[in-house]
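> sharing a sequence plus its predicted fold:
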Amino acid sequence: GSLHFVALTSTCSRVGGCGTGSPQYEWLKADLESSTASCTAAYWHHPRFSSGHYGDNSAYQPFWQLLYNDGAEIVLNGHDHNYQRYAPMTPSGTRDDAQGIREFVVGTGGKSRYAVASSGTNRQVANGDTYGVIKLTLRPGGYDWRFVPEAGKTFTDSGSGSCH
């Protein structure tokens with residue numbers, strides 16, 4: 001109803017790139033322009049911002065810019081095998097509590113776990129030693145999140161956010 005989910009590929013070389021003017025960029029631009037939802041979330045594999053093993057990746061800056069301009073709320077990523085939650089940010093990584101996008105890196109579902117740097121710009125929570133999943137509860141005007149850890153582990157993270 002009020003939430004629009006967008007799935008993108010971060011393997012840019014296989015789809016004509018991820019930059020401004022690429023087929024996927026143009027598709028995303030048209031998709032966001034046609035959406036009437038009050039909240040938008042997007043997901044793709046490789047994170048734009050990460051203080052894990054792979055670090056930040058500016059290749060996804062154009063996606064982030066379109067989503068930011070449209071007032072998106074959430075970006076979900078994986079790739080780094082850990083959990084990271086960031087404060088709402090602009091496409092360049094500046095904190096923006098009024099219009100920023102909150103990013104979750106949730107690569108905690110399988111093969112191995114990776115350490116997380118002791119700090120990260122605008123990173124609010126991180127854990128590199130717990131498998132688990134993120135549970136999003138979507139509601140009119142906002143969303144709630146909760147990290148659900150594997151059996152026997154105690155790390156968790158939860159909170160809520162509002163639509164722009």
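Looks like it came in fine.

> longest helix of the protein, counting residues only.
Using DSSP state H to define each element, the chain has its longest helix at helix 23-34.

> report how many residues lie close to residue 155.
When counting by other Cβ atoms under 10 Å, one arrives at 17 neighbours for residue 155. No exception for glycine: its C-beta is placed from N, CA and C like everyone else's.

> wait, isn't it in contact with residue 148?
No: with contact taken as Cβ atoms under 8 Å, residue 155 and residue 148 are classed as non-touching, separated by 10.2 Å.

> what touches both of the two?
Shared contacts of residue 155 and residue 148 (Cβ atoms under 8 Å, 6 or more residues apart in numbering): residue 132.

> neighbours around the residue nearest to residue 135 when sequence neighbours are not counted, how many?
Closest residue to residue 135 apart from its sequence neighbours, by Cβ to Cβ, 6 or more residues apart in numbering: residue 146 at 4.8 Å. Other residues within reach of residue 146, judged by other Cβ under 10 Å, total 15.

> give the contact list for residue 146.
Residue 146 neighbours (Cβ under 8 Å, 6+ apart): 134, 135, 137, 156, 157, 158.
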